[in-house]
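**Student:** model this:
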Amino acid sequence: MNRLTYNDNVSKEDLLTRYQYKNVYEIPKLDKIIISLSLKQSRFDRKQLPKLLLASTLITGQKAKAILTKRGDASLGIRKNDPVGTKVTLRGDNALNFIDFINTLILPRVKNFEGLDKKNINIPKSFNFQINNALAFPQLEMAYEQFNNLGPINISIVFKNTNEEDIETSLRNLNVPF
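**Tutor:** Below is the predicted model:
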């Protein structure tokens with residue numbers, strides 16, 4: 001049973017008949033989750049890159065990669081190959097565990113949380129949302145002084161073989177609150 005897109009109580013045959021897929025390969029599948037992080041201020045200091053890499057690693061449990069600028073901009077004071085943030089890509093069981101972690105621990109801790117917006121579903125194959133307070137993660141809350149100037153955390157959930165309705169159905173089966 002493919003647990004990447006639906007609960008254990010739904011089988012592939014049920015999905016084939018319910019949504020009238022022609023074969024098993026048309027069933028939407030979770031491909032990856034991309035988590036990106038940056039600082040609040042627009043001017044990024046190279047000395048703060050290790051702190052940002054540490055925060056990304058603590059959140060995901062996987063080594064983070066630095067994102068570098070491709071070209072400079074004198075008006076913003078950015079040079080070519082300056083770091084601007086970090087990125088982590090989760091796949092397979094790590095992605096499923098992260099979705100469960102977000103649903104059970106992080107989203108209930110977000111202030112004034114009323115559910116995620118369906119408008120954030122991008123037509124090709126992804127669902128994007130942002131957690132503005134990085135200290136909602138218990139791993140970062142313990143070292144408040146070190147991580148208090150982190151910017152919003154951008155999370156992108158990418159699917160294979162999907163359209164907009166399939167993404168929404170898959171996210172509901174993964175218990176993502178709308």
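**Student:** need the contact list for the residue nearest to residue 85 when sequence neighbours are not counted.
**Tutor:** Sequence neighbours aside, residue 38 is the residue nearest to residue 85 in space, at 3.6 Å (criterion: Cβ to Cβ, 6 or more residues apart in numbering). Backbone N, C-alpha and C define where each C-beta goes, glycine included. With contacts defined as Cβ atoms under 8 Å, 6 or more residues apart in numbering, residue 38 is in contact with 44, 52, 84-86, 151-152.
**Student:** where does the protein have low pLDDT?
**Tutor:** For the chain, applying pLDDT under 70 flags the ranges 1-11, 40-45, 114-115, 117-120, 123, 163-164.
**Student:** okay, buried residues for stretch 168-178 please.
**Tutor:** 168-171, 173-174, 176 (16 or more other Cβ atoms under 10 Å).
**Student:** tell me what residue 129 is bridged to.
**Tutor:** residue 155 (DSSP bridges).
**Student:** now do the helices in this structure.
**Tutor:** Taking DSSP state H as the criterion, the chain contains helices spanning 12-18, 49-60, 92-101, 138-141, 144-147, 164-173.
**Student:** and the ones you listed as a markdown table, adding distance to residue 34?
**Tutor:** Formatted as a markdown table, those follow (distance: least, Cβ to Cβ, whole Å):
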| stretch | distance to residue 34 |
| --- | --- |
| helix 12-18 | 25 |
| helix 49-60 | 10 |
| helix 92-101 | 10 |
| helix 138-141 | 19 |
| helix 144-147 | 20 |
| helix 164-173 | 15 |
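**Student:** those: which one's closest to residue 121?
**Tutor:** Closest to residue 121 of the helices of the chain is helix 164-173 (Cβ to Cβ; 5.2 Å).
**Student:** now that closest one against helix 92-101, angle please.
**Tutor:** 70 degrees (axes from the mean of the first three to the mean of the last three Cα atoms, to 10 degrees).
**Student:** elements contacting helix 164-173?
**Tutor:** Other helices and strands packing on helix 164-173, by 3 or more Cβ pairs under 8 Å, 6 or more residues apart in numbering; DSSP states H and E, are strand 121-122, strand 126-131, strand 150-160.
**Student:** try 7 Å
**Tutor:** strand 121-122 (3 or more Cβ pairs under 7 Å, 6 or more residues apart in numbering; DSSP states H and E).
**Student:** check the offset of the strand it packs on from the chain's centre.
**Tutor:** Centre-to-centre, strand 121-122 and its host chain are 13 Å apart (Cα atoms, centre = their mean, to the nearest Å).
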